[in-house]
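>>> Kindly generate the corresponding structure for this input.
(chains A and B)
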Amino acid sequence: MATVSQNSKLGNVLWPALAWIIALVFFFPIFWLVFTSFKTDADAVKPEFLFFFTPTLENYTNMTQNYDYWRFATNSVITSSFATLFALVVGVPAAYAMAFNPSRHTKDILMWMLSTKMLPAAAVLYPMTFLTKNMLGIYDTHFLVILVLCLINLPIVVWMLFTYFKEIPKEIIEAGKMDGVSTWGEIKDILIPLAWGGIASTALLTFIFCWNEAYWTVRLTTIDAATLSTLIEGNRAPEGLFFGRLAAVSTAAVAPIVILGWFCQKQLVAGLTFGAVK
Amino acid sequence: MSNRTLPRILQTPAVILLLIWMLVPLSMTLYFSFIRYVLNSSIRPEWMSPSLSNWRGFGNYKYVLDAKDFWFAIQNSVFIVTSILVLTVVLGLGIAVLINKSFPGRGIVRVLLISPFFVMPAVNAVLWINMILDPVLGLQGIAVGSINDMIDGLRDFPVLGVFFNLWPTFEPISFRATQTSAYAVIMMVAWQWTPFAVLIFMTSLQSEDESQKEAATLDGASPWSQFINLTVPHLARPIAIVVMIQSIFHLSLYAEIEIVSRGSGNKNLPYLIGEFTNNNIGAASATGIFAVILANIIAIFLLRMVGKSLMD
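Modelled structure (predicted):
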């Protein structure tokens, strides 16, 4: 780098080229997964068909038969959507109160909420199994998965919403108060329309986190409420016999989320660093 | 309603929910860590249900501290986390600086680079360990095989063949052994989290003072010394945050270890807790408490840093 001035012509070609190469290398495993999903199981392990083969859709058309894909996918959609919804229902009022009526303790409460996110899940694995299986009888239910997904993401939801709400001038909310608008009216008619973008991206990111969650969803479900993480983990070692079909079901499990993710790169920074990097 | 009570009521549901979520299971873990509690015992059936009469004091902690597995798991957790941190921060810095300036197709490059972060951990592990790293059927096996074939072919050439006869036949690496499966986990997690580091460093680079850099260029400072003396100090805070957030996530790494390392002897703390949970709940709980303490040490630093930027 020292010999090539940044304004030189060579640098103008070289550095972008390097950036492109690195990007392609990073994307390659995903490409390879999608690529393999169009090979038959037999072709997928033959070196002579590494790059040239007759593409087939059979791995996708047989997904239901091979893996019961749609049942797991439906569970993922249901649990992730409701968990996101509930986290917002609980999180919006909390973040509203903290952003517009902060008290001496607001900062401490926020920090404490964040600290719950940092507890290692494995530490409470058995108590959670014991509680849900032996005491409450809610093991392997949608209700349980929704509840847990909602709880583990609630701190991030409150934090993200809080950072968005803080950007809204207090005067706008105050003006509403002067006009005698109720608190509910303030949230519904003033706050939500103003902070719509922030709420939407919080929802999107929460949905992604719920979808990709792999510890609790695997540990607290067996059949009925099992999500796509459980499905893939259950097929961890196909012994090379089923690369094609495994690639297809994996592609189907990640494609919607990777595409959603492209739309919320910016929010990801705020959501994962709790507003500490701007 | 007064100005004070309403906000309190609005945040109550969130606070109560999280309070229950944090306190109930954790106090159970704490309780179980002080009693004898096993799931299967034909000799001592009274140990099979939690009860205060099975009080063991710090016995479970002592048992765990004496277990070779525990120290191996701690050591391995630290090894895995540190390796991932070094890889992601170094790669992340390099890539972030590289794509900070605009060039043709920068948007697409960003999209390609960020994609691994959204792949679910289970798919990440299944994809890497089977389709990429498998010593026979994966890309690794195929690549090593074709290199060997090529060398074999070259051995028949006159003169050159003498040289290639000296070459060894390459052996593909199995990533399912104890040590190598840790490398596989490091590789796949670093692949997934480098985009995260890139994103954060990029966001931070956008706020770097460009005029300072221009002044440095006029003074004849090389790009490298600009990077070391201006960019790196500017990124100190984001680097610290990337390190701490990743530490917390990777200390509880589970799906990758479960998929890649099951049965290979490679384990980290969460995996060890999982193993104990199959029978010895007392030991699992004591290990859990150690994991909480370890995570808290890092969390305190992170929270302090996040707290500073919170109210402004």
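
>>> For B:Ile74, see how far away the closest residue to B:Phe103 other than its chain neighbours is.
In space, and not counting its chain neighbours, B:Phe103 is closest to A:Pro16: 3.7 Å by CB to CB, 6 or more residues apart in numbering or on different chains. Just so you know, the C-beta spots here come from the backbone N, C-alpha and C atoms, and that holds for glycine as well. According to CB to CB, to the nearest Å, A:Pro16 stands 44 Å off from B:Ile74.

>>> before we move on, what about B:Val242?
B:Val242 sits 23 Å away from B:Ile74, going by CB to CB.

>>> Neighbour count: those two, which is higher?
Under the criterion of other CB atoms under 10 Å in any protein chain shown, the comparison of B:Val242 against B:Ile74 puts B:Val242 first, with 27 against 17.

>>> Confirm for me that the more buried one is in contact with B:Val89.
Yes - counting by CB atoms under 8 Å, B:Val89 is a contact partner of B:Val242 at 6.3 Å.

>>> Find residues that contact each of the two.
Residues within reach of B:Val242 and of B:Val89 at once, by CB atoms under 8 Å, 6 or more residues apart in numbering or on different chains, are B:Ala197.

>>> so where's chain A uncertain?
Low-confidence segments of chain A (pLDDT under 70): A:1-8, A:237-240, A:274-276, A:278.

>>> give me the number of residues near A:Arg71?
A:Arg71, neighbours per other CB under 10 Å, totals 14.

>>> distance of it from chain B?
Distance from A:Arg71 to chain B, counting by CB to the nearest CB, to the nearest Å: 17 Å.

>>> May I ask which helix or strand encompasses that residue?
Secondary-structure assignment from DSSP states H and E places A:Arg71 in helix A:69-100.

>>> tell me the angle the next helix or strand after that helix makes with helix A:69-100.
Sequence-wise, the next helix or strand downstream of helix A:69-100 (DSSP H and E) is helix A:106-117. Between helix A:106-117 and helix A:69-100, the angle comes out at 160 degrees (axes from the mean of the first three to the mean of the last three CA atoms, to 10 degrees).

>>> chain center to helix A:106-117, what's the gap?
Distance of helix A:106-117 from its chain centroid, counting by CA atoms, centre = their mean, to the nearest Å, is 21 Å.

>>> chain center to whichever strand or helix holds the residue nearest to B:Phe103: distance?
Using DSSP H and E, A:Pro16 maps to helix A:9-36. Helix A:9-36 sits 25 Å away from the centroid of its parent chain (CA atoms, centre = their mean).

>>> tell me what that helix is packed against?
With contacts taken as 3 or more CB pairs under 8 Å, 6 or more residues apart in numbering or on different chains; DSSP states H and E, helix A:9-36 sits against helix A:243-263, helix B:68-98, helix B:106-114, helix B:178-205.

>>> Tell me, how many residues neighbour A:Gly244?
The number of residues near A:Gly244, taken as other CB under 10 Å, comes to 23.

>>> how far away is it from B:Asn130?
Distance of A:Gly244 to B:Asn130, given as CB to CB: 11 Å.

>>> buried ones in the helix holding A:Pro16?
A:11, A:15-16, A:19-20, A:22-23, A:26-30, A:32-33, A:35-36 (16 or more other CB atoms under 10 Å in any protein chain shown).

>>> how many neighbours does A:Tyr164 have?
Using other CB under 10 Å, A:Tyr164 is surrounded by 22 other residues.

>>> which residue packs closest to it, ignoring adjacent ones?
When the adjacent residues along the chain are set aside, A:Tyr164 lies closest to A:Gly198, with 3.0 Å between them (CB to CB, 6+ apart).

>>> And for B:Phe227?
B:Val97 (6.7 Å).

>>> How about the contacts made by B:Lys267?
B:69, B:72-73, B:76, B:257, B:261, B:275.
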